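[1] Give me coordinates for this.
(one chain, ligands or ions: 1)
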Amino acid sequence: MSLLCLGKREGDIVVSGEIFLQQNIQGCDKVSNKAVLVIDMLVDFIYFLGALYVGDEPARVVFPIADLLERERAEGTKIIYICDRHKREDAEFKMFPPHCIEGTKGAGIVSELKPEEGDLIIYKRRYSAFSGTDLDITLREHGINELVLVGVCTNICVLYTAADARNLNYLVSVPKNCVASFDSSAHEFALNEMEKTLGVKVF
Ligand SMILES: [Zn+2]
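    Reported below is the predicted structural model:
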C-alpha cells in the first residue's frame, strides 16, 4: 500500500495524518493509480440518428477505445465514464441543439462501450468533467493521480477536461487514435494546445 492511495500527486506535501488516512480509505489495494476517462461516448453524439450527431470522424474512435479499455481493465486501471446529461431547459441549449437529456436513450452510453462491473459513471452538464461534479474527490478516493482521456470532442470536452486536470496537477495523456472531433482543424489545434500548453502527453 502506498501514499498514492490518498490521491497524492506530484508536488503534494506529505503530512503525518496521511499514514492514518491511508489505512482508512476504501479501495487502496488497487494495482494501478491510473484511470481512463471515457468522455461523452453517448448515443446522441456518436450514432447517426443522435440528437447532436458529430459526424463520421468520432465514430472512428469507438473500436480503438474498446481495445484500450480491454487492455486497461486487464491491468486494473479504473474506468470512469464521463457522461453529458442535461435537464430539458439547460442553458447549454442556447448554444447547441438539445441533447443528452436525462432519461432519454440519447443520453445512454453507446452499446459497443458499455460499462462493466467496477466501472464508475460521472454525469456532467458542462464541457469539463470537473465542472460541477465530484470527479476530483472520486479520483482522490481511489488514489488516482494519472488520467488517460479518450472520447469526444477533442476540442471541447476533452480539451477542457484536460485543462482542469492539469490545473489540479494530474498527469494526463491522450492517445490520438481515441479522440476525435467534427472539426478536423480544431482537433489538431486542441492536440497541440494540450501538448504544448498544458503538458499533456499526446501519443
Ligand atoms: Zn451537453
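
[2] can you pull the contacts of residue 150?
    36, 37, 38, 39, 61, 65, 68, 174, 175, 178, 179 (Cβ atoms under 8 Å, 6 or more residues apart in numbering). All C-beta spots, glycine's among them, are computed from the backbone N, C-alpha and C.

[3] so who does the residue nearest to the fifth one when sequence neighbours are not counted touch?
    What that stands for is residue 61. Closest residue to residue 61 apart from its sequence neighbours, by Cβ to Cβ, 6 or more residues apart in numbering: residue 180 at 4.8 Å. Residue 180 makes contact with 57, 58, 60, 61, 152, 153, 154, 187 under the criterion Cβ under 8 Å, 6+ apart.

[4] hmm, 6 Å instead?
    The neighbours of residue 180, taking Cβ atoms under 6 Å, 6 or more residues apart in numbering as the test, are 57, 58, 60, 61, 152.

[5] The last one pairs with what?
    Each beta-bridge partner of residue 152 is listed here: residue 180, as defined by DSSP bridges.

[6] In terms of pLDDT, where does residue 140 sit?
    pLDDT for residue 140: 97.

[7] anything in stretch 67-83 near the ion?
    No - shown here: stretch 67-83 not in contact with the ion (Cβ under 5 Å from the ion), separated by at least 9.8 Å.

[8] same question, stretch 133-151
    No - between stretch 133-151 and the ion, judged by Cβ under 5 Å from the ion, nothing touches; the nearest distance is 13.0 Å.

[9] If you drop the residues flanking it in sequence, what lies closest to residue 92?
    Using Cβ to Cβ, 6+ apart, the closest residue to residue 92 is residue 86 (6.3 Å).

[10] Quick check: bridge partners of the one you found?
    Taking DSSP bridges, one finds residue 101 as the beta-bridge partners of residue 86.

[11] I'd say it and residue 99 touch.
    No - look at residue 86 against residue 99 with Cβ atoms under 6 Å: they stay out of range, at 7.1 Å.

[12] shared neighbours, those two?
    Contacts common to residue 86 and residue 99, judged by Cβ under 6 Å, 6+ apart, are absent.

[13] Pull up the residues of the chain that are close to the ion.
    So the chain meets the ion at 84, 92 (Cβ under 5 Å from the ion).

[14] Could you pull out the helices in the chain for me?
    For the chain, the helices defined by DSSP state H cover 17-22, 43-46, 56-59, 62-74, 135-141, 159-167, 184-196.

[15] Residue 147 is nearest to which of the ones you listed?
    helix 159-167 (5.5 Å; Cβ to Cβ).

[16] Now do the buried residues in that closest one.
    Across helix 159-167, burial judged by 16 or more other Cβ atoms under 10 Å covers 159, 160, 161, 162, 163, 164, 165, 166.
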